[in-house]
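Colleague: Curious how this folds, go ahead:
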Amino acid sequence: MSVTHVLVHGAWHGSWCWNKLTSELGDRPVRTVDLPSVGDAGAGLGDDAQVLRDAVTSVDGPVMVTAHSYGGMVASRALTGLANVRHIVYLCGFVLDEDVSLLSAAGGAPLPWWQVRDDGFVDPGNPERIFFNDLPPSAAATAAAALRPQSYRALEDKQSAAAWRTIPSTYLVATDDQALPADAQRAMAQHCGRKFELISSHSPFLSHPDYVASLLREIDDELST
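Modeller: Numbering: from 1, shown residues only. Below you'll find the predicted structure:
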């Protein structure tokens, strides 16, 4: 039975960010989710995890989950105990222990480029440089315009499960990442079975979709044999 790829975006993003990667994956079955904490200030990590868990349990067959950035926290919480999940790929993602929030992992205070608002949202400052620094300027501007406000609550919520303890996983380090330093990624990658590195911004699914798709297909083929 073929493996279904479930793609989980990070903070501020949406399913739109996977379009290039989905195209590169060709005829591989792919599903995406839209996390409620993007655009809903009242939604937190638990709400996001439930959306992913529902998506995965609706698949009749094996699943491989690829999670970007904050989406790594969502995957780690949502996938624990799901027998059909064969592998998790953390794409410059957060791989954290229980009782650790993204905020605390970042040092306990908002990062300098986080623009915290009074309405429960946070915006990214200068996303063209922070997220999309290896894209052509026009492509970076288009991607930045598609971003939406992120719930600050989700960034404060503590991790309550760590699926990487029981599910095989792979980490892709983006070495030119301006949002999540490569050394921090390498430290979190120690929780995963394998680690790969790519000279890329925080958005390799946009700047290097061919490489990311090749990596996912390779893992997919291993799971299918």
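Colleague: There's contact between residue 66 and residue 89 in this structure, I believe.
Modeller: Yes. Counting by CB atoms under 8 Å, residue 89 is a contact partner of residue 66 at 4.3 Å. Backbone N, C-alpha and C define where each C-beta goes, glycine included.
Colleague: okay, those two: which has more neighbours?
Modeller: Neighbours per residue (other CB atoms under 10 Å) separate residue 66 from residue 89, with residue 66 holding more: 29 against 26.
Colleague: coming back round to it: now do the shared contacts for residue 66 and residue 89.
Modeller: Common contacts of residue 66 and residue 89, defined by CB atoms under 8 Å, 6 or more residues apart in numbering, comprise residue 216.
Colleague: Could I get the pLDDT score of residue 225?
Modeller: Among the per-residue scores, residue 225 shows a pLDDT of 68.
Colleague: got it, and residue 2?
Modeller: 88.
Colleague: tell me the contacts of the residue lying closest to it once chain neighbours are set aside?
Modeller: By the measure of CB to CB, 6 or more residues apart in numbering, the closest residue to residue 2 outside its immediate chain neighbours is residue 29, 5.9 Å from it. When contacts are counted by CB under 8 Å, 6+ apart, residue 29 is found next to 2-5.
Colleague: try 10 Å
Modeller: Contacts for residue 29 were tallied using CB atoms under 10 Å, 6 or more residues apart in numbering; they are 2-6, 59, 61, 63-64, 220.
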